[in-house]
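*Asks:* here are the coordinates; sequence isn't available:
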């Protein structure tokens, strides 16, 4: 099967091509789901792009789309599906939602924006099987999941007993393989565990009341484990003190704690709060951005706050417990998840007239605009915690259009306006930089070599957008989207449902840990280790995962 | 006969959603336009005339000559006019009604009169679960109007009721008036377990004191003059309150402030 996309302006930063700036048009050829060098052979189908912008399919490296907490959030927020029902005729006619869309709606809404790959950033080991089944149910998207480690009792015990790095590496490798994960996420390193021993806050160097292990120890041990196992994506860190004014110091200390090793700081906006000013809440975006700029080992995604109703769902119950009184509508869920971590679901409405929410919005944008290297910052709202992913087009316009941004800023809470430097920042993102933030950059930081670009050999995940001065309109509805060479979206409407794949990483590790794991499961977990393990055949309705073999590691 | 009558052509193969078919929608249509009205049938949309023989002249009255438990959303969203069903209806009948009159001679499915805010529903048979309750995604049940159920009501009738009146001629299932915010329910027969759990305000009338959750306090028997006035002013409650000289008053749920009450006639 050969397809030809004729006359597009190709925007492919990974290969240094910018057809928009150069005003150059060229064809793209697809053979059997992959992009190939132009051949001139007769194609089975041709699409005339008429100078539209052609990019690789979007990659979202941090969006909560599956797993236990999302199901709890759906259960809690039936309002969401009531407000945005999926209409009959869209292949499905049931479910829906924006803040916590059902699996079908997730796949369709993402595809309409030109996204083809999305990573679930917080899968708990105990929920892995469910998360994989759910991801298989999401149409049109390739997925993958980051395994949450650091708060589980097995790991805390290892550290408390003074286990060596090799033992930790073996455990991490075993868990990644058993849960079919792609990377390691740490959520509030050790803090969720400490919460269960009645700690209500925990900073980088505080000791767990029971195990005596500090977040710094958790972080540095796992960073080393990931490095030595050769996982492509660095530790994906949701740091200490999320949302607490004054957490800027913790964030800066965390960056220093890496000692030059790679680290990804996720939803950094929630970790960039100072305590200056009469309200004891201020922006530290400039300080943090400066630190990020100076440390090339650090990558970040923003977790931009977008105004409106959403749901916050996190394993970080320490912070969700703090915020549960702010729930709107007034209901929330908090629970332990099989001793692995915890889960907190708190519905929330970000209000533009609220000082705190307006300043959060500004802090996120300041980070976007002050972090200089577009290859190390990624466009996220931490869906659904900062806002639904369906607000991405609006966010892109805020980044690309200074007048629009300042006009929006002028409508916000007056005190918040006085607390931000946003109005003075003149930077406007270029289309190429947006393509880096949403495609090329994530592919590089995730180590996906055949994604995020349009060179020969790349998977034919392609988004075509008609150029429009209103960038929100441009990115709201892709003209054409191809998934693995199949047309799935035409003029902003899903026309076909394609089955994606699930990316997993496979490090080599010391398999002698298996005996110890079996003993632990028999003693403490309540099911056999072999039943905990998710086999390849359980993924994607039997199709199995797409395996990324890790380089390095102990065998 | 005035109005439009609908007679099923054959037994329905799938569930039919009639929630778009209200007198205010059909009134301005010609008979032909009405026949072409799109109606969801299973996963597809079909013309009304494919499912029903449509006769008469559209005005404020609709008559479904043979009811069917697969007809969902009958009279849902009605704001005026009259809808009469001879037989059964499915789920969501009269959901979100704000006015008009829905009369059903048979049984109804779940969510009868859920979230209705006005108008009147009279059901001769039994109702399914959550009659007059809040639908999924809503925190408020029936807030106005009158819902009369001749037979029994299923579990969780009047859940989160916010106002208005529900009368149940027969028995009420488990969890009657759970989380009730305000309004009145009367039950002629027996009441199931956990009635009034979490109710804030509102009144449940009954002939015999039911088993109530722990948060209720029996305040003894009182002569309540107001009940005689109520019986005179609210004709729907006249039969229920007939002959009541005193009432046992049990207040609750004290976990939610305890301003609700269960009144059992003596």
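*Replies:* That came through, no problem. Only a predicted model underlies this, so the values are computations on that prediction, with no experimental measurement involved.
*Asks:* Not counting sequence-adjacent ones, nearest residue to the closest residue to chain B within the stretch 101-250 of chain A?
*Replies:* Residue of the stretch 101-250 of chain A nearest chain B, by Cβ to the nearest Cβ: residue A:102 (13.0 Å). In short, each C-beta sits where N, CA and C put it, glycine included. Among residues not flanking residue A:102 along the chain, residue A:95 sits closest, at 3.1 Å (Cβ to Cβ, 6 or more residues apart in numbering or on different chains).
*Asks:* so what's whichever residue of the stretch 51-200 of chain B sits closest to chain A up against?
*Replies:* Nearest to chain A in the stretch 51-200 of chain B, going by Cβ to the nearest Cβ, is residue B:137, at a distance of 3.2 Å. Neighbour list for residue B:137: A:78, A:79, A:80, A:81, A:82, A:83 [criterion: Cβ atoms under 8 Å, 6 or more residues apart in numbering or on different chains].
*Asks:* so who does the spatially closest residue to it that is not a sequence neighbour touch?
*Replies:* Nearest non-adjacent residue to residue B:137, counting by Cβ to Cβ, 6+ apart: residue A:82, 3.2 Å away. Residue A:82 makes contacts with B:135, B:136, B:137, B:138, as judged by Cβ under 8 Å, 6+ apart.
*Asks:* ok, so of those residues, who is nearest residue A:45?
*Replies:* Within the contacts of residue A:82, the smallest distance to residue A:45 is 42.3 Å, found for residue B:137 (Cβ to Cβ).
*Asks:* follow-up on the earlier one: residues in contact with the residue nearest to residue A:102?
*Replies:* A:81, A:85, A:86, A:101, A:102, A:103, A:104, A:105 are the contacts of residue A:95 under Cβ under 8 Å, 6+ apart.
*Asks:* give me that answer again for 6 Å
*Replies:* Contact partners of residue A:95, counting by Cβ atoms under 6 Å, 6 or more residues apart in numbering or on different chains, are A:86, A:102, A:104, A:105.
*Asks:* State the pLDDT value of it.
*Replies:* We have a pLDDT of 87 for residue A:95.
*Asks:* Please apply the same query to the one 10 residues further on.
*Replies:* In this prediction, residue A:105 carries a pLDDT score of 95.
*Asks:* count of neighbours near it?
*Replies:* Residue A:105 has 25 neighbours, counted by other Cβ atoms under 10 Å in any protein chain shown.
*Asks:* before we move on, what about residue A:274?
*Replies:* 21.
*Asks:* That one contacts residue A:281, correct?
*Replies:* No. Using Cβ atoms under 6 Å, residue A:274 is not in contact with residue A:281, being 7.7 Å away.
*Asks:* these two touch, right, residue B:58 and residue B:5?
*Replies:* No. Using Cβ under 6 Å, residue B:58 is not in contact with residue B:5, being 11.0 Å away.
*Asks:* any idea which element the closest residue to residue B:140 other than its chain neighbours lies in?
*Replies:* Closest residue to residue B:140 apart from its sequence neighbours, by Cβ to Cβ, 6+ apart: residue B:162 at 4.6 Å. Using DSSP states H and E, residue B:162 sits within no helix or strand.
*Asks:* how's the chain carved up into domains?
*Replies:* No chain in the question, so chain A it is. Per the record, chain A has its domains at A:2-56+A:453-494, A:58-446, A:502-549, by automatic domain parsing.
*Asks:* I was thinking of chain B, sorry if that wasn't clear
*Replies:* Taken from automatic domain parsing, chain B resolves into B:1-60, B:67-265.
*Asks:* By mean pLDDT, show me the worst of those domains.
*Replies:* Mean pLDDT per stretch puts domain B:1-60 lowest among the domains of chain B, at a mean of 92.
*Asks:* And the pLDDT at residue A:553?
*Replies:* Looking at residue A:553, its pLDDT reads 49.
*Asks:* To clarify, my last question referred to residue A:343.
*Replies:* Predicted confidence (pLDDT) for residue A:343: 93.
*Asks:* what pLDDT, on average, does the host helix or strand of residue A:359 get?
*Replies:* For residue A:359, the element it lies in under DSSP H and E is helix A:355-370. Helix A:355-370 shows a mean pLDDT of 97.
*Asks:* Kindly report the same for stretch A:219-237.
*Replies:* 96.
*Asks:* Give me the three-state assignment for the residue in chain A positioned nearest to chain B.
*Replies:* Relative to chain B, the nearest point of chain A is residue A:82 (3.2 Å; Cβ to the nearest Cβ). Going by DSSP: H, G, I helix; E, B strand; the rest coil, the secondary structure assigned to residue A:82 is helix.
*Asks:* ok, now how distant is it from residue B:60?
*Replies:* Here residue A:82 is placed at a distance of 29 Å from residue B:60 (Cβ to Cβ, to the nearest Å).
*Asks:* Could I get the contacting residues of residue A:226?
*Replies:* A:184, A:235 are the contacts of residue A:226 under Cβ under 6 Å, 6+ apart.
*Asks:* if you set the cut-off to 10 Å instead, what comes out?
*Replies:* Contacts for residue A:226 (Cβ atoms under 10 Å, 6 or more residues apart in numbering or on different chains) come out as A:149, A:169, A:172, A:176, A:183-184, A:186, A:232-236, A:261-263, A:505, A:507, A:550.
*Asks:* which element is the residue of chain B most remote from its centre on?
*Replies:* Within chain B, residue B:32 marks the point farthest from the mean C-alpha position, 32.1 Å out by Cα atoms, centre = their mean. Assigning secondary structure by DSSP H and E places residue B:32 in helix B:31-35.
*Asks:* After that helix, heading C-terminal, what element do we hit next?
*Replies:* Note on helix B:31-35: by DSSP H and E, the next helix or strand toward the C-terminus is strand B:38-41.
*Asks:* how about the domains of chain B, which one is nearest residue A:142?
*Replies:* When these are compared by Cβ to Cβ, domain B:1-60 sits nearest residue A:142, at 27.8 Å.
*Asks:* what about the residue most central in space within chain A, distance to residue A:377?
*Replies:* Against the mean C-alpha coordinate of chain A, by Cα atoms, centre = their mean, the closest residue is residue A:62 at 0.3 Å. Here residue A:62 is placed at a distance of 12 Å from residue A:377 (Cβ to Cβ).
*Asks:* Now do the shared contacts for the two.
*Replies:* By Cβ under 10 Å, 6+ apart, residue A:62 and residue A:377 have these common neighbours: A:301, A:302.
*Asks:* ok, now which ones touch the closest residue to residue B:193 other than its chain neighbours?
*Replies:* Excluding its sequence neighbours, the residue lying closest to residue B:193 (Cβ to Cβ, 6+ apart) is residue B:174, at 5.0 Å. Residues in contact with residue B:174 (Cβ under 10 Å, 6+ apart) are B:129, B:154, B:155, B:156, B:157, B:191, B:192, B:193, B:194, B:195, B:197.
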